[in-house]
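Student: my questions are about this predicted structure, shown below with the sequence.
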Amino acid sequence: MSTPVNFLQSLILTSIVTATVMQAIGDSVARGLGMLGALSIIRYRTTLRDPRNLAFVFGSIAVGIACGIYAFIIAIIGTIGFCISAFILRFTSYSRTNNLVGTLRYEVHYNSKKVEAENMMDEYCKYRILKKYKIGKKLETEMTFVEYEFKVKLNNDEKGLELSEKLEAIHGIEGVKLNMQDANEDI
């Protein structure tokens, strides 16, 4: 699995924040020590799970520091640079337009249609990772079955229902369940 896009965005945005702070400090040792003292007393009691949100918090702190030492031009340029960068990142491949990650579960009569199901997942999924499987027997039919659970990311989020229906249409596959969730949010 790849690095989350919000983390990559935060790396880019944090570099602009750092440049703003360094410009505000300049070559003044007193300002540097003052900022070190000011930043050391900040306590974050709220957990920020999204690193991009943390970059915005530090961005506002950097602008506040620049305004506090009367470096208004640095604060304005830093804010404009930060906002333009955040806006441009929205339209790049680092955008968080598609963060849906799902869990796909299904039962197969012991290895009968496993390859066909995997080919279907290759067609619809960017990636799939086998999370677990369970081998058992159905009491009523005495048939051996395998229950698979995959973590998947779809090529197209609107095709989840189509994938489920095509898997259910394969003879020998039962109990198809696909649950999708935003990877960065708790439900």
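Tutor: Here it is on my side, so go on. Numbers count the residues shown, from 1 in each chain.
Student: alpha carbons only for contacts and neighbour counts from here, please
Tutor: Fine.
Student: by residue count, what's the longest strand in this protein?
Tutor: Taking DSSP state E as the criterion, the chain has its longest strand at strand 125-137.
Student: so what secondary structure elements neighbour the helix or strand just after that one?
Tutor: Next helix or strand after strand 125-137 toward the C-terminus (DSSP states H and E): strand 144-154. Contacts defined by 3 or more Cα pairs under 8 Å, 6 or more residues apart in numbering; DSSP states H and E place strand 144-154 against strand 100-109, strand 125-137.
Student: buried deepest among these, which one?
Tutor: Ranked by mean neighbour count, the helices and strands packed on strand 144-154 are led by strand 100-109 with a mean of 20 (mean count of other Cα atoms under 10 Å).
Student: relative to strand 125-137, how tilted is it?
Tutor: For strand 100-109 against strand 125-137, the angle by axes from the mean of the first three to the mean of the last three Cα atoms, to 10 degrees is 40 degrees.
Student: following element in sequence after the helix or strand where Ala38 lies, please.
Tutor: Using DSSP H and E, Ala38 sits in helix 29-40. Next helix or strand after helix 29-40 toward the C-terminus (DSSP H and E): helix 51-68.
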